[in-house]
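**Student:** one predicted model, sequence on top.
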Amino acid sequence: MCLYSSSVPGRVRVAVRLRPRNAEESVADADFADCVELQPEFKRLKLRKNNWDTDTYEFDEVLTEFASQKRVYEVVAKPVVESVLDGYNGTVMAYGQTGTGKTYTLGRLGEEDTADRGIIVRAMEDILADVSLESDSVSVSYLQLYMESLQDLLDPTNDNISIVEDPKSGDVSLPGATLVEIRDQQSFLELLQLGEAHRYAANTRLNTESSRSHALLMVHVKRSVKGRELAHSSQNGNSTNMAKSLRPTLVRKGKLVVVDLAGSERIDKSGSEGHTLEEAKSINLSLSALGKCINALAENSAHVPVRDSKLTRLLRDSFGGTARTSLVITIGPSPRHRGETTSTIMFGQRAMKVENMLKLKEEFDYKSLARKLDIQLDKLIIEHERKQKAFEEEIERITTDTQNQISEAERNYADAMEKERLKYQKDYMESIKKLEEKWMMNQHKLCERKDQTASTAEEVAELKKLLSKETSLRKAAEEEVNNLKSQLAQLKMSEASANSESLKLRKMLEDEAYRKEKLEGEISMLQTQLLQLSFEADETRRRLDRGGPGKVPGDLDSLISQVRPQVNDSVNEEKASIANLFEQVGLQKILSLLEAEDADVRIHAVKVVANLAAEESNQQKIVEAGGLTSLLLLLGSSEDETIHRVAAGAIANLAMNG
């Protein structure tokens, strides 16, 4: 997600740089004056049409042949580099006739003399010095446009890179180009040397090493906006630490494009032939297309022919787009090349009329936020699994104990049932045996005493009574069996209550987690109260110091008499708040904060203990609670001057108590 701020107008800035005469011109043009006259103090240039007439042109900067490379960088490229570091797109471009010093101005490495370093090397030095390699990134692409073919100078096999335009924003990107991240200046210099080795050059009459391609160096700078993030955090001080960590980082993206154009030249003067002639035609066609676009933009034409050449498509953002653009035009002093010099000057004049609308490009870094969320999610999952495992182990333990109790009860019930069954079976068999014996005896008596009918009837009645008694015993046995069945039902009910107890234990675990969170909140509240109380104690101490005893002139006696009761009331309120903290928090908790890892917490804790020690009623309690030992240990282990001063005062108060 990209965010664009409001557009800011910015005109294309143009500087002109004069090359000194070379050895050939010093001999051939010894009798002729230079075709141009520079007035750098007025930022003006005079072009001699002939021996009598001159035309005057004004530029943003006029650089003589004596201007240093550092001076050229500061007036031409440094404002653009600073804009790129702030999140804008920027372009620095050199335009001029072959042999007038474009490559020297832009791409000089300065290996032998650092003063000769060009704009590219100096720009990268400023970028690397301003960014933080821990949170920011700098990456580079190096390309050349040769014969209308966009080639990668860092990977010569990649010789047909496509140009992609965003239909919404109009931004131009090269997704197929090699992108190398830069960590230091030395690796960047090695990268430039590699690219220069693959660039096309040829020997012509105008230049022994004439560039036959347009070179483009693209530097992508991505920076995290920490200041705004901290300001946003301070406005939402009540948010939790988790909410702060989930806030996406604001990132600004700037792109610096440095363009070293191939020199414009006339075929008859350069002496190009064969393949070199075809190269010159291609160069002149692309420069001609660029000139048409500049003319259309300068005249506010409704149609700008940016699609006539790949060069104009690549520079679409630089002229009439959203980039801050600086153009340096290079000219020579020789009157033989007055026509080429005039064409170059007119190109710069038209470019000064082009207006760009600068846009600040910002976006949220959701990738780093996603990584933070993944890490936090993993931690939460691990913690949840740990608690879930502990909970399942507890449930399993409770279930095992319940099953053991049920098994034990079932075994006891089975043993009791078996004993009762055997007992009643034994009694029943003994009763049957006795009845059979009596019946046999009765039968024998009947045989012997048939005449004793009355006696026999009585015996039958007695047998009936015995049989009735046996029947009642059997009913009692059945009732006992029913009682045992009811006991079994009660055991099953106890099993159900055991399950209910396991549910209660689960709820107790959840309540324990809630109490833990509440306890952490109370600890945080206590720390806040401690910090606030320490701050109020410091304020009261300073007010007491300002309103301390001393002799005041007579005119101020009435004022002091009005202020002193207010100071005394403040002291009483402070003592009351310290006493309330002493009663609510407890001395042991306050003394434990003397060993806190946070230095601010230790400072505030020792201030509170010092305030408590100032009261004689608290001194004995502090010594008995081990406060004197804690203060001595803190005094020996801490190097903080404030802790030393406050702890020494508290120890002195405790020592005065004896």
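**Tutor:** Arrived safely, thanks for sending. These numbers were taken from a predicted model, which means no experiment stands behind them.
**Student:** contacts only, for Arg223.
**Tutor:** Arg223 makes contacts with 85, 87, 131, 135-136, 251-254, as judged by Cβ atoms under 8 Å, 6 or more residues apart in numbering. C-beta: built from backbone N, CA, C; applies to glycine.
**Student:** can you pull out the helices in the stretch 201-350 of the chain?
**Tutor:** Listed in chain order, the helices found in the stretch 201-350 of the chain under DSSP state H, counting those that start in this stretch are 226-235, 241-245, 267-270, 275-298, 310-314, 338-351.
**Student:** centre-most residue in the protein?
**Tutor:** Nearest to the mean C-alpha position of the chain, counting by Cα atoms, centre = their mean, stands Thr249 at 5.2 Å.
**Student:** bridging residues for it?
**Tutor:** Asp365 (DSSP bridges).
**Student:** show me the strands in the stretch 351-500 of the chain, by range?
**Tutor:** With DSSP state E, counting those that start in this stretch applied, the stretch 351-500 of the chain shows strands at 355-358, 361-365, listed in chain order.
**Student:** among these, show the one with the smallest mean pLDDT.
**Tutor:** Mean pLDDT values for those show the minimum at strand 361-365, a mean of 66.
**Student:** which of the three states applies to the nearest residue to Thr64 once chain neighbours are set aside?
**Tutor:** The shortest distance from Thr64 to any non-neighbouring residue, by Cβ to Cβ, 6 or more residues apart in numbering, is to Leu38 (5.2 Å). State at Leu38, reduced to three classes by DSSP: H, G, I helix; E, B strand; the rest coil: strand.
**Student:** OK, contacts around Leu38?
**Tutor:** 16, 18, 44-46, 62, 64.
**Student:** buried ones among those residues?
**Tutor:** Using 16 or more other Cβ atoms under 10 Å as the burial test, these include 16, 18, 45, 62 as buried.
**Student:** for the second one, name its beta-bridge partners.
**Tutor:** The partner list for Leu18 in beta bridges (DSSP bridges) reads Ile331.
**Student:** and it, what pLDDT?
**Tutor:** pLDDT, the model's per-residue confidence, is 95 for Leu18.
**Student:** touching, it and Ile331? I think so.
**Tutor:** Yes. Under the criterion of Cβ atoms under 8 Å, Leu18 is in contact with Ile331, at a separation of 5.9 Å.
**Student:** give the residues shared as contacts by these two.
**Tutor:** Overlap between the contact sets of Leu18 and Ile331, as judged by Cβ under 8 Å, 6+ apart, is given by Val36.
**Student:** can you dump the C-alpha coordinates of stretch 38-57 into PDB?
**Tutor:** Output in PDB follows, covering the C-alpha atoms of stretch 38-57 (Å, rounded to 0.1, in the frame of the first residue of the first chain):
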ATOM      1  CA  LEU A  38      31.000  33.200 -18.800                       C
ATOM      2  CA  GLN A  39      29.800  35.600 -16.100                       C
ATOM      3  CA  PRO A  40      29.400  33.200 -13.100                       C
ATOM      4  CA  GLU A  41      28.700  36.100 -10.600                       C
ATOM      5  CA  PHE A  42      25.600  37.000 -12.600                       C
ATOM      6  CA  LYS A  43      24.800  33.300 -13.600                       C
ATOM      7  CA  ARG A  44      25.100  34.500 -17.300                       C
ATOM      8  CA  LEU A  45      26.700  33.300 -20.500                       C
ATOM      9  CA  LYS A  46      27.500  35.300 -23.600                       C
ATOM     10  CA  LEU A  47      27.700  33.400 -26.900                       C
ATOM     11  CA  ARG A  48      29.600  35.200 -29.700                       C
ATOM     12  CA  LYS A  49      27.600  35.000 -33.000                       C
ATOM     13  CA  ASN A  50      30.500  36.800 -34.800                       C
ATOM     14  CA  ASN A  51      33.200  39.300 -34.000                       C
ATOM     15  CA  TRP A  52      30.700  42.000 -33.100                       C
ATOM     16  CA  ASP A  53      27.400  40.400 -31.900                       C
ATOM     17  CA  THR A  54      26.700  38.300 -28.800                       C
ATOM     18  CA  ASP A  55      23.600  36.600 -27.300                       C
ATOM     19  CA  THR A  56      23.200  36.500 -23.500                       C
ATOM     20  CA  TYR A  57      21.600  33.500 -21.700                       C
END
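**Student:** quick one: mean pLDDT over that stretch.
**Tutor:** In the prediction, stretch 38-57 has an average pLDDT of 89.
**Student:** and for stretch 380-394?
**Tutor:** If you average the pLDDT values across stretch 380-394, you get 90.
**Student:** going forward can the numbers begin at 457, since that is how I track them
**Tutor:** I'll keep to 457 as the first residue from here, and by that count the last item is stretch 836-850.
**Student:** for it, buried residues please.
**Tutor:** The neighbour-count criterion (16+ other Cβ under 10 Å) identifies no buried residues in stretch 836-850.
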